[in-house]
Structure formats: structure tokens, C-alpha cells
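>>> Task: produce atomic coordinates for the following.
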Amino acid sequence: MSLVTEKLPITVVILTKNEEMVVARAIESALNDYAEVIVLDSFSDDNTVNIARQAGAAVIQEPFKGYASQRNFALKDMPKSNEWIFFLDADEMISEPLTAELRRDFAQIKSGNFGMGYVRRKDFFMGRWIRRSSGYPTWFGRLCHASSVRVEREINEEYRCDRPVMRLSGHLLHYPFAKGVSYWMERHNRYSTAEAVEKIRGVKSGYGLIFSHDPGLRRKGLKQIYMRLPFRPLIGFLYLYFFRGGFLDGKAGLRFALLRTFYELLISIKYDEMVAERSEAENRK
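Numbers count the residues shown, from 1 in each chain. Down below sits the predicted model:
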């Protein structure tokens, strides 16, 4: 077999819970080029598991305790054939340029003692790439040397790596509305509750992280600043729609920015509600 047709020695892991509408497309984007594709399923009660197997993926089921817990299970405990893992969400696809880049550079990544590769996403909505209102580019840790990476924070996870990290130039293709706007709103209603809980727990300030060379740590520092801003939802909308040029994305850009603002507003309202409830509980003591 020629080197061109050999599969990359990487295990692609797709987390699922009732993803029958989108999982096949995610699998297909990886199946021909990566040595192993595993769907790590949280006991879906739809047809996700059957569709995944029919599409050619292996399926392992693990009870869901949180996104970080699932990813750490994949990194540390899940049976797999490779020491390198690429995390792919069910509503994403690996682009051909990203696969070509990994084919070209993977040997160098291993020999360079890297432990993780960050990847950007292209978010699609209403049939187009939302380049501006999505806040592009945002970097996500996805290519992981299993023994060198750990994942923290159960919602909007944060990656920690014991080795140097790198940025990949290829993209993931992200379709957050592939299951409809109603599903997006239901999911972000859950996410906003988790974010409010994280905020009320309090996080030690790490503003110095904004100067880190690690994209993940820099993003954490910026987020800590952003989450403390007054009128955060309004500021977020003005930033995305005007400062970042979201108005150039047309109707799709406006709607995307408004949906992002709605999500931030939910976090703020739920946080205030939790603070009030905690204060009332303390006053009753």
C-alpha cells in the first residue's frame, strides 16, 4: 500500500447522545483517512448507535457525567488502537484540507514532541459560513496525545497539556443548527444553566493568561474578563455585529449574533436568580 492511501494512526472520537440526524456525516468525514473511528455514546435512546455502526464506526457506551469526564475517559480509559486522539463533535466534519495537513505533517508533530493541536471551526448557518458574527477565529483543542492531555470544566471544556502545543491551519466544519433552531435553543438552555453554576462557584482570576502562547489558556483568560463585564450580553452583541463586522454576514449574521446574545442573556439571568436564591437561603438560617 502506498503512503498516500495509508490511514493516519489517529483515533477519531465522536461523543454522542441522541445524534441520529448528524452522526453519519461526521463519521463519513473521517472514516477513509483515519485508522479508527469510535463513537463514544452516552446510551442514546434513538437510532444513533445503529446508524453509527452502519456507517462504519465502532461504538463504546459510557454513562454521561459531563463533557470533560467523557473526554478524559476517551483519553485515559477507553480501549483504542492509537496513542493520538482527534475529538470530533457529532455536528462537525473534518475538512479535506485539515486531513491533508495531518497527512503531510503528522510525522513532524510526533517527532517535535507536541502534545496537542488546536483547530479553528467554520460555523455554518442558513447555508453560509458565518465568519464574522461567530467570532472567528476561535481555537479548540482537538488533536491530543492521550497520555499528555487532560480536560477540565464539564461545560465548554478546557484542555491542559504537558507538552508543547501547536496550531493546525485546516478547519473543522461546524453545523450547529443541523438539528434545527429549536434543538439549538434547548441545548443552550441547558448550557446556560451549567455556565451560571460555574460562574456562581467562582473561578480564581487568571487575567495573566491573556498573554499565554497557548490558545486555550489565552481564551480562558479572555473569558474570565468577559464574564465579569457589566451589560455583557449587549457588549457581546455590539462586539460581534459591529466591531467584528457581523452586519456583513447579512440576515444570517444578524440572527446568529442575536442568538449568541440570547445565550449570554440566559446565563446572566440564571446567575442573578441563583445569587438571589442563595441569599434568601442564607437569610433564612
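>>> List the residue ranges of the stretch 101-250 of the chain that fall below the pLDDT cut-off.
In the predicted model, the stretch 101-250 of the chain carries pLDDT under 70 at residues 202-230.
>>> Please, where are all the strands along it?
Ranges of strands within the stretch 101-250 of the chain are 116-125, 128-129, 139-145, 149-152, 158-161, 165-174, based on DSSP state E, counting those that start in this stretch.
>>> Tabulate the ones you listed in a markdown table, adding columns for distance to Arg260.
Bear in mind the C-beta positions are built from the backbone N, C-alpha and C, glycine included. What follows is the strands of the stretch 101-250 of the chain, written out as a markdown table (distance: least, C-beta to C-beta, whole Å):
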| stretch | distance to Arg260 |
| --- | --- |
| strand 116-125 | 10 |
| strand 128-129 | 16 |
| strand 139-145 | 17 |
| strand 149-152 | 24 |
| strand 158-161 | 20 |
| strand 165-174 | 14 |
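>>> Among those strands, single out whichever gets nearest to Tyr271.
With C-beta to C-beta, the closest approach to Tyr271 among the strands of the stretch 101-250 of the chain belongs to strand 158-161: 19.3 Å.
>>> strands paired with that closest one, and their directions?
Strand 158-161 has its sheet partners listed here by DSSP bridges as strand 149-152 (antiparallel).
>>> how far is the partner strand from where the chain is centred?
13 Å (C-alpha atoms, centre = their mean, to the nearest Å).
>>> what about the longest helix in the chain?
helix 250-284 (DSSP state H).
>>> To Ile10, which of the strands of the stretch 101-250 of the chain lies closest?
strand 139-145 (7.4 Å).
>>> Could you check the angle the closest one makes with strand 116-125?
Calculated by axes from the mean of the first three to the mean of the last three C-alpha atoms, to 10 degrees, strand 139-145 forms an angle of 140 degrees with strand 116-125.
>>> Just name whatever secondary elements strand 139-145 is in contact with.
strand 84-89, strand 116-125, strand 158-161, strand 165-174, helix 215-226 (3 or more C-beta pairs under 8 Å, 6 or more residues apart in numbering; DSSP states H and E).
>>> Can you give the contact residues for the fourth one?
Pointing back at strand 165-174 there. 29, 88-89, 91-95, 97-102, 109, 112, 114-124, 139-143, 214-216 (C-beta atoms under 8 Å, 6 or more residues apart in numbering).
>>> if you set the cut-off to 7 Å instead, what comes out?
The contact list for strand 165-174, computed with C-beta atoms under 7 Å, 6 or more residues apart in numbering, reads 91-95, 97-98, 101, 109, 114-124, 139, 143, 214-215.
>>> buried ones in it?
Buried positions in strand 165-174, judged by neighbour count with 16 or more other C-beta atoms under 10 Å: 165-166, 168, 170-174.
>>> Only the buried residues of stretch 119-132, if you could.
For stretch 119-132, burial by neighbour count (16+ other C-beta under 10 Å) applies to 119-125, 129-132.
>>> Quick check: buried residues in stretch 98-114?
Buried-residue list, stretch 98-114, by 16+ other C-beta under 10 Å: 98-99, 101-102, 105-106, 109, 114.
>>> Tell me the bridge partners for Trp129.
Bridge pairing for Trp129 - DSSP bridges - gives Phe124.
>>> doesn't Tyr136 make contact with it?
No. Look at Trp129 against Tyr136 with C-beta atoms under 7 Å: they stay out of range, at 8.4 Å.
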